[in-house]
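1. Quick one, structure for this:
(chains A and B)
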Amino acid sequence: MLRIEGLTAGYSAIPVLNDVSIKVDEGQFVAIVGPNGAGKTTLFKTISGIVQPSAGTITFEGHDLLAIRPAQRAHLGIAHVPEGRQVFPSLTVMENLEMGAMTEAGQRDWKHNIERIFEWLPILAERRGQFAGTLSGGQQQMLAIGRGLAGSPKLLMLDEPSMGLAPTIADFIFERLIEIRRQSNLTILLVEQRVAEALESADHGYVLEAGRVALEGNNQTLRADDRIRKAYLGM
Amino acid sequence: MTQALEGFLQALSAGLLIGAVYGLMCVGLGLIFGVMRVINFAQGDFMMLGMYAAFYFFTAFGVQAAFGNTFGPFVAILLAGPVLAVFGYFVHLTLISRVSGMRTSSLEGEGHYAQLILTLGIALILQNGGLLVFGSVLASIRTPLSSSAWELGPMFYDVSVFINKARGIDAVVSLVTMLLLTLMITRSRIGKSLRAAADNPTAATYMGIDVDRAHRIAFAIGTGITAIAGGLLATNYPFHPFVGVEYVIVMYAGVVLGGMGSIIGAFWGGMTIGLVQQMSTLILPTQLQNAAIFVVFLLIIFFRPQGFFGRMVERT
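-> From the prediction side, this is the model:
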């Protein structure tokens, strides 16, 4: 579904990503883990078109993504739930969800989607008239996820949904994501620093270090890998 | 006693009426600043073009013949709005978009230096171009209503207040325009996407909102709104190609008073300025009207630096 090959990208002249290749198949849950500054967020921004790559290709369902304008990429079915949530603070919860549904598919499935989102994340239904800027961090994260789901995406990209949240809330959000995936069969690309949780639930994982793919493999091979166990899982 | 009360009520009503039009004028600028964060120095000159557009619609394009002297000017003014909106659309497309929007979001100062120089340049071209095309003779959009009044009263204490008919209709047109704009911004899909693009352009792009297009729409609407306000002012005040300079400062004062980025705030900012300007004549000579505006402006900014409706928090 999503194929990234030989991607080099960054800010100014210094590349943050170096020859990165990543593949996500339909229905897969792929996790990208790695330390701070490894280039995980830059990778997502390049997929969404906010950062221009200097080399490499990105294809999504056969489309050459780099030839498509950034704002059009969402309309192909890519939902980006950005790092730090980035909800629209002066819009209400409901209006934020409407903004997520700007795509044609989102318009078409609006009624159905909103029902499911409120079922999965009931706090959003409760707060629907409240300004997003007045929500707590965890609630904002749930809104950001709900906003992503409102567009009926084919691929949901989640950038560190646990960032800056209390561990119990992060656990709750993770558990919700697993449940959403179970019910919807959505293809998910997740970036996380909580390596253990991410690798546990993902089908396939990549370890990004200093802008390169240091390691990749399926769920079992990665969790059995000595380097991962030492560096990230503390075993 | 009666005389003082009458003077007060007269100044108050004049302030409210002119304030409604100033409010609309500020809203045009406030919309552009709020959505795009572009400081547009040419806004006053867009207003000047709006005045001339209404003038020529009325006199040369048959509006006078079709709608008569009394209501023709208001039809011409409402026609000038969309025409200037189209003008604003193309100014953004060909010039402003080169130094603003997503392409400059990663630059130092977000391209503000280039924006300042560009809009100042546009202002100078419009002023001097206006002088060439329209000439330096004062123009005005006359309606018989400009020189007649409704009398309210006599009320309590035998007080009566006179409402200039043209100003009364100006204020009503202004309020209706403001109401329609508010509905559009708060209720419609396009209005919500403008607000989303203003809140967080990057996240808006992730939603599939074309931020540059949103900016173009905001710029067009903002230009059209200010043009309508200009036309309304022209029913009472004569104008010339350099008239924009006189109003652009008032516009900025209004937007800052209301709180940078707040559209409803810009309206109340403009309203405040209209009120202060008219009320000041009660105690000060008329020449000091503008001085009074800026003294009050400084006082309000001293005690409430974020303006009436501004938020202290920075955008993320």
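
2. same for the lowest-mean-pLDDT helix or strand in chain B, what does it pack against?
-> Here the helix or strand of chain B ranked lowest by mean pLDDT, DSSP states H and E is strand B:149-152, holding a mean of 83. The contact analysis (3 or more C-beta pairs under 8 Å, 6 or more residues apart in numbering or on different chains; DSSP states H and E) places strand B:149-152 against strand B:161-164, helix B:165-187. All C-beta spots, glycine's among them, are computed from the backbone N, C-alpha and C.

3. Pick out the shakiest of those, pLDDT-wise.
-> Comparing mean pLDDT over these, the weakest stretch is strand B:161-164, at a mean of 88.

4. strand partners of that one, parallel vs antiparallel please.
-> Sheet partners assigned to strand B:161-164 using DSSP bridges are listed as strand B:149-152 (antiparallel).

5. what residues does the partner strand touch?
-> B:13, B:160, B:161, B:162, B:163, B:164, B:165, B:168 (C-beta atoms under 8 Å, 6 or more residues apart in numbering or on different chains).

6. go with 7 Å
-> Contact with strand B:149-152 is made by B:160, B:161, B:162, B:163, B:164, B:165, B:168, as judged by C-beta atoms under 7 Å, 6 or more residues apart in numbering or on different chains.

7. The first one against residue B:153, yeah?
-> Just to be clear, that refers to residue B:160. Yes. With contact defined as C-beta atoms under 7 Å, residue B:160 counts as touching residue B:153 (3.2 Å).

8. and chain A, which residues reach chain B?
-> For chain A, the contact set with chain B under C-beta under 7 Å from any C-beta of the partner chain comprises A:48, A:50, A:70-71, A:74-75, A:80, A:82, A:86, A:88-91, A:95, A:98-100, A:102-103.

9. quick one: which of those sit in helices?
-> Mapping those onto helices (DSSP state H) picks out A:48, A:70, A:71, A:95, A:98, A:99, A:100.

10. Show the buried residues in those.
-> Among those, those classed as buried by 16 or more other C-beta atoms under 10 Å in any protein chain shown are A:48, A:70, A:71, A:95, A:98, A:99, A:100.

11. Tabulate those residues (TSV), appending pLDDT.
-> As requested, these are exported to TSV (pLDDT from 0 to 100):
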residue	pLDDT
A:48	95
A:70	94
A:71	94
A:95	96
A:98	96
A:99	97
A:100	96
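
12. So which of the contacts of strand B:149-152 is the closest to residue B:199?
-> Nearest to residue B:199 among these, counting by C-beta to C-beta, is residue B:168 at 37.5 Å.

13. what residues are up against the closest one?
-> B:17, B:150.

14. now residue A:53
-> Counting by C-beta under 7 Å, 6+ apart, residue A:53 touches A:7, A:8, A:9, A:46, A:66.

15. Okay, and the beta partners of residue A:190?
-> Assigned bridge partners for residue A:190, using DSSP bridges, are residue A:31, residue A:158.

16. among the contacts of residue A:53, which are in strands?
-> Using DSSP state E, the subset of the contacts of residue A:53 located in strands is A:7, A:8, A:9.

17. Name the member of these that has the highest neighbour count.
-> Highest neighbour count within the ones in strands among the contacts of residue A:53: residue A:7, with 25 neighbours (other C-beta atoms under 10 Å in any protein chain shown).

18. Identify the residues contacting the residue of chain A found nearest chain B.
-> Nearest residue of chain A to chain B (C-beta to the nearest C-beta) works out as residue A:74 at 3.2 Å. Residue A:74 makes contacts with A:103, A:151, B:206, B:207, B:208, as judged by C-beta under 7 Å, 6+ apart.

19. Quick check: the farthest pair among those residues?
-> Spanning the widest gap among the contacts of residue A:74 are A:103 and B:206, at 11.1 Å by C-beta to C-beta.

20. Have a look at the two and say which one is more surrounded.
-> Between residue A:103 and residue B:206, counted using other C-beta under 10 Å, the more crowded position is residue B:206 (30 against 22).

21. Tell me the backbone dihedrals of the more buried one, please.
-> With angles defined as degrees, to the nearest 10, residue B:206 sits at phi -60, psi -30.

22. Against residue B:122, how distant is the residue nearest to residue B:102 when sequence neighbours are not counted?
-> Leaving aside its chain neighbours, residue B:102 sits nearest to residue B:211 (5.3 Å; criterion: C-beta to C-beta, 6 or more residues apart in numbering or on different chains). Note on residue B:211: its distance to residue B:122, by C-beta to C-beta, to the nearest Å, is 22 Å.

23. cool, residue A:214 as well?
-> 53 Å.

24. between the two, which one's more packed in?
-> residue B:122 (19 against 15).

25. Check which helices and strands the helix or strand hosting the more buried one sits against.
-> Assigned by DSSP states H and E, residue B:122 belongs to helix B:112-134. Under the contact definition 3 or more C-beta pairs under 7 Å, 6 or more residues apart in numbering or on different chains; DSSP states H and E, helix B:112-134 sits against helix B:43-60.
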